[in-house]
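Visitor: following is a predicted model, sequence given first.
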Amino acid sequence: MFSIVKTCQNCTSFALIPNEKLEIKMEELKDQLKGKMFKERAYTGTVLSVEKECKINIYKSGKIVVFTKSDKLVNEVKEELSSILYVYMNSD
């Protein structure tokens with residue numbers, strides 16, 4: 001559901017880019033993530049910043065930035081968020 005992109009060699013983050021168009025209902029997603037033990041850090045309406053082992057920014061477009069140096073952790077985040085965000089895939 002997502003492609004993992006290392007933002008830069010010296011950065012401590014990865015970007016998860018959706019392979020398909022997503023239309024995320026941010027308020028609904030906030031509630032879902034809270035139930036999955038994600039701690040909300042900030043919410044602007046278009047960006048939701050949460051934390052669970054690392055900081056994660058989720059954009060309304062479906063792009064996700066995971067702040068970690070760990071390949072293993074970014075893959076775990078990718079799998080967990082893919083299962084949550086699957087319902088937002090556009091069926092066009």
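Guide: Looks like it arrived, so ask away.

Visitor: the helices in the protein, which residues?
Guide: 26-35, 71-85 (DSSP state H).

Visitor: and the shortest one, average pLDDT?
Guide: Confidence for helix 26-35, expressed as mean pLDDT, is 94.

Visitor: same check on the last one?
Guide: Averaged across helix 71-85, the pLDDT comes to 94.

Visitor: next, the angle helix 26-35 makes with that helix.
Guide: Counting by axes from the mean of the first three to the mean of the last three C-alpha atoms, to 10 degrees, helix 71-85 lies at 120 degrees to helix 26-35.

Visitor: which residues of this protein fall in strands?
Guide: Per DSSP state E, the chain carries strands over the ranges 2-6, 14-18, 39-43, 47-51, 55-59, 64-67.

Visitor: could you say which one of the ones you listed comes nearest to Val87?
Guide: Ranking the strands of the chain by proximity to Val87 (C-beta to C-beta) places strand 14-18 first, at 13.0 Å. The C-beta positions use only the backbone N, C-alpha and C, and glycine is treated the same way.

Visitor: before we move on, the earlier item: okay, the helices of the chain in CSV with mean neighbour count and distance to Gly45 next?
Guide: Supplementary listing: the helices of the chain in CSV, determined by neighbours: other C-beta atoms under 10 Å; distance: least, C-beta to C-beta, whole Å:
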stretch, mean neighbour count, distance to Gly45
helix 26-35, 14, 7
helix 71-85, 16, 18
